[in-house]
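Trainee: Okay, here's the prediction I keep looking at, along with the sequence it came from:
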Amino acid sequence: MARFEYAPAPESRAVVSLRSSYGLYVDGEFVEPLEGKSFKTINPASEEVLAEVALAGAGDVERAVAAARRAQREVWGPMPGAERAKYLFRVARIIQERARELAVLESLDNGKPIRESRDVDVPLAAAHFFYYAGWADKLDYAGFGPSPRPLGIAGQIIPWNFPLLMAAWKLAPALATGNTCILKPAETTPLSALVLAEIFQQAELPPGVINVLTGDGSTGAALVARRDLDKVAFTGSTEVGKAIQRELAGTRTRVSLELGGKAANIVFEDAPFSQAIEGIVNGIFFNQGHVCCAGSRLLVQESVAEAVLEALKRRLGTLRLGDPLDKNTDIGAINSERQLDKIVELAASGEREGAERWSPSCSIPERGYWFPPTIFTGVAPSQRIAREEIFGPVLSVLTFRTPDEAVQKANNTTYGLSAGVWTEKGSRILWMADRLRAGVVWANTFNRFDPTSPFGGYGESGFGREGGRHGLEEYLDA
Amino acid sequence: MGTAGDQLRVVTSGEAAPGQAPSAALAEVTSSEMTLRRFLAGLPGVDQVGAEQRAAALATRSIKARAKTWAIDTAISMVDLTTLEGADTPGKVHALCMKAVRPDPEDARVPPVAAVCVYPDLVGVAKAALGSLPVKVASVATAFPSGRASRAVKLADVRDALEAGADEVDMVIDRGAFLAGHYGQVLEEVQAVKAACGAAHLKVILETGELATYDNVRRASWTAMLAGADFIKTSTGKVVPASTLPVGLVMLEAVRDFAATTGRLVGVKFAGGIRTTKDAIRYLVLANEVAGEAWLEPDLLRLGASSLLNDLLMQRRKQQSGAYAGSQDLSVE
């Protein structure tokens, strides 16, 4: 037994008052779905059913679109930017006030550690509303010409890995620019978006400005199929992203897609060693690796590869896997059985294809969906684990000898969302950043997000930018 | 040993160069000013943002219930109960010694602290009070806190403390020499003090608040360890900032890597500004997760403090009884 055994330190669930069932949020009210269908959302750490959630069908989409259109034409579009900003500031403040509740709820529904939902997801969600609130009355000076106009109504489909944060990323810039929204949260993580809907009620946001339609893939498909949306913003898998783009090709609906990734985290021999180890861990094990920009390919210079791996393995030995609500948990649950199956299958392919698999010894809870932090060494660029997005806590380690080889290997992917460069040499960071085909290049850090910084991809990682001044453009007729 | 680049491998991987015993490899490092300089320059850099982020993340560990009880008792046993004032008197030192032996007179299960830390001229008083009791007497020396005196005066200071019976010596490094890049001079001085110490334990104060960068903290840590320090210590407590978590992180990484290279475990003492149980527990967590659980004992981890002890005792009583002690319930020395 360890000398210093941390006692369980669970965050209290009492702060969350879950309802047994949730309706759809349409035109400022919670309503029953027209077809009366629903589905269950569960806690992936225990497989316990958390709530019954309405499944929106085409009729509900129709209602939401009508409400959003009316709200945009009559209320939100004509409203002066300074007035819209007041609502956004109010929402941001309420998110801060209800931060603990949102963090616990997010960890319950998603399986992510409370340390992350509390310290990353919720504060960043509030920060996005604060940031875009500031832009609402300054759009004339944003560089998109005088009086840029909103697009109209936006259908926004978000993933399950950062449910609240992705909602904030999508909603805040759309609202600041005078658009109204129909938000479709992911099937496995609808709860925080519904509490967000409560927050919009609390903030007295005019009815119809935001509508939340919970459901599965069919709901998203029904939303996209309508063709009368002015904008579709999607974050999720490349496969679905392609389907959306096919569906909307040749229509007037504007599209932005934020899809998968297979980011290279590149460690040079002159890297700040200890921080690089932390950066590798944070790059791939943050949020169980359920991060589109995760540093899932470690490219390490051969001269330090052995030392890096040894230190990395030692560090992985200190990661604490378990109850997401425990404040000392580093690695939470995999979000769903389907995702776990996918990770298991890809990891098995790695072994089959000859890569060497390693995980620290850690006890896996009996109930729920779990996968231990895993490293594959001796990975060849041709293997599936070096090419396909695993979206789980699995790191593929490749080596390189020269900066050119690092760039070539890093860019040898159909994706291009993010990359990391670790070196104490400033000139090399700039040289690398010039050559890496990735929307975000982190230097001596990884997985850092800020509302002022644009985020988006190349190639099969999608197009369009979220965050910063660039994020406004996606919702302006500029 | 080859170039500075090779050093990175030795240091971080904990392997010796092929065909050499680890300590032999490092013996060459200290053979000249040039080899030492090259070695220190070859240590991997510390990224300030990353180090601070990691320290902040570890500071969010939530230590509750039995883990907290264990941590409080462990922290008490690691305290170097300190008084380093110009106004110190034999009476105050005597009172401090009594507190050190039996921190909570109402509860005999509270362990004694590790040591009492005083100026050299009061070592005799402390030694007389403590006798053969299981609390060590530590003395600052080498023209503490500035270290601005000749080598001869510094060594005389050390001898004074030892003759008066000090079990441990807390020396300061010559920060001026270090910042001027005279690493060899710093190394030699620590070596000389170490030789003068004989069996007494040597703690080397880096005064990290004056070293300014984490790279310097790492280099100073290695210099002190290479010179034979038994402990490396953050601060004198006379300079702000004193001990901080990121500095602690860098020093704990240094002792961990040094142990991996040489097999010798060097202790770490955090001193200055540690006033609350929460602070103390954060340092324990840092040591546990960065250096490893081997460091969780008074032989390898110390907390230099004065007011911290009463807060630990107060939290301990809270753990036991559920109620906080009043400010007058604990003795003030």
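Mentor: That came through, no problem. Numbering: from 1, shown residues only, chains lettered A, B, ... in the order given.

Trainee: So the residue of the stretch 1-150 of chain B found nearest chain A: helix, strand or coil?
Mentor: When scored by CB to the nearest CB, the stretch 1-150 of chain B has residue B:50 as its residue closest to chain A, at 3.0 Å. Using the backbone N, CA and C atoms, a C-beta is placed for each residue, glycine as well. The local conformation at residue B:50, judged by DSSP: H, G, I helix; E, B strand; the rest coil, is helix.

Trainee: and the spatially closest residue to it that is not a sequence neighbour, what is it in contact with?
Mentor: In space, and not counting its chain neighbours, residue B:50 is closest to residue A:275: 3.0 Å by CB to CB, 6 or more residues apart in numbering or on different chains. By CB atoms under 8 Å, 6 or more residues apart in numbering or on different chains, residue A:275 lies in contact with A:422, A:444, B:46, B:47, B:49, B:50, B:51, B:54.

Trainee: helix or strand right after the strand or helix carrying the last one?
Mentor: Of the helices and strands defined by DSSP states H and E, residue B:54 is found in helix B:48-58. Where DSSP H and E defines the elements, the next helix or strand beyond helix B:48-58 is helix B:65-77.

Trainee: Please state the offset of whatever helix or strand comes next after that following helix from the chain centre?
Mentor: Next in sequence after helix B:65-77, counting helices and strands by DSSP H and E, comes strand B:79-82. In terms of CA atoms, centre = their mean, to the nearest Å, the centre of strand B:79-82 is set 11 Å apart from its chain centre.

Trainee: Given strand B:79-82, what are its sheet partners and their directions?
Mentor: strand B:115-118 (parallel), strand B:301-305 (parallel) (DSSP bridges).

Trainee: Extract the CA atoms of the last one and return them as CSV.
Mentor: I take that to be strand B:301-305. Coordinates of the C-alpha atoms in strand B:301-305 are reproduced here as CSV (Å, rounded to 0.1, in the frame of the first residue of the first chain):
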residue,chain,number,x,y,z
LEU,B,301,11.8,16.2,3.7
ARG,B,302,11.6,19.2,6.0
LEU,B,303,9.4,22.2,6.5
GLY,B,304,11.2,25.2,7.9
ALA,B,305,8.6,27.3,9.7
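
Trainee: quick one, it and helix B:65-77 angle?
Mentor: Here strand B:301-305 points in a direction 70 degrees away from that of helix B:65-77 (axes from the mean of the first three to the mean of the last three CA atoms, to 10 degrees).

Trainee: starting at the chain centroid, how far to strand B:301-305?
Mentor: 6 Å.

Trainee: Residues in contact with it: which ones?
Mentor: B:75, B:78-82, B:114-115, B:117, B:203, B:231, B:233, B:237, B:267-272, B:274-275, B:280, B:283-284, B:287, B:295.

Trainee: same question, the first one
Mentor: Outside strand B:115-118, the residues that touch it by CB under 8 Å, 6+ apart are B:80-84, B:88, B:93, B:96-97, B:100, B:125-126, B:130, B:135-140, B:167-168, B:170, B:302, B:304.

Trainee: Could I get the buried residue list for it?
Mentor: B:115, B:116, B:117, B:118 (16 or more other CB atoms under 10 Å in any protein chain shown).

Trainee: Kindly report the same for stretch B:197-205.
Mentor: Applying 16+ other CB under 10 Å to stretch B:197-205 flags B:197, B:200, B:201, B:202, B:203, B:204, B:205 as buried.

Trainee: One more: stretch A:336-352?
Mentor: In stretch A:336-352, counting by 16+ other CB under 10 Å, buried: A:336, A:339, A:340, A:342, A:343, A:346, A:347, A:350.

Trainee: Show residues contacting the helix or strand where the fifth one lies.
Mentor: Secondary-structure assignment from DSSP H and E places residue A:343 in helix A:337-352. Contacts made with helix A:337-352 from outside it, assessed by CB under 8 Å, 6+ apart, are listed as A:290, A:334, A:357, A:369-371, A:374, A:376, A:379, A:383-385, A:388, A:390-394, A:396.

Trainee: check which helix or strand covers residue B:138.
Mentor: Using DSSP H and E, residue B:138 falls in strand B:136-140.

Trainee: tell me the angle of that strand relative to strand B:301-305?
Mentor: 60 degrees.

Trainee: Partner strands of strand B:136-140, with direction?
Mentor: Short version: by DSSP bridges, strand B:136-140 pairs with strand B:115-118 (parallel), strand B:168-172 (parallel).

Trainee: after that strand, next one along is what?
Mentor: Immediately after strand B:136-140, counting by DSSP H and E, sits helix B:151-163.

Trainee: Serialize the strands paired with strand B:136-140 to CSV and add fields for mean pLDDT and distance to residue A:314.
Mentor: Converted to CSV, the strands paired with strand B:136-140 look like this (pLDDT from 0 to 100; distance: least, CB to CB, whole Å):
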stretch, mean pLDDT, distance to residue A:314
strand B:115-118, 98, 31
strand B:168-172, 98, 31
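
Trainee: Make TSV from those strands and add distance to residue A:113 to it.
Mentor: Formatted as TSV, the strands paired with strand B:136-140 follow (distance: least, CB to CB, whole Å):
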stretch	distance to residue A:113
strand B:115-118	39
strand B:168-172	40
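
Trainee: sorry, back to before: quick one: the residue nearest to residue B:50 is in a strand?
Mentor: No - under three-state DSSP, residue A:275 sits outside any strand and is assigned helix.
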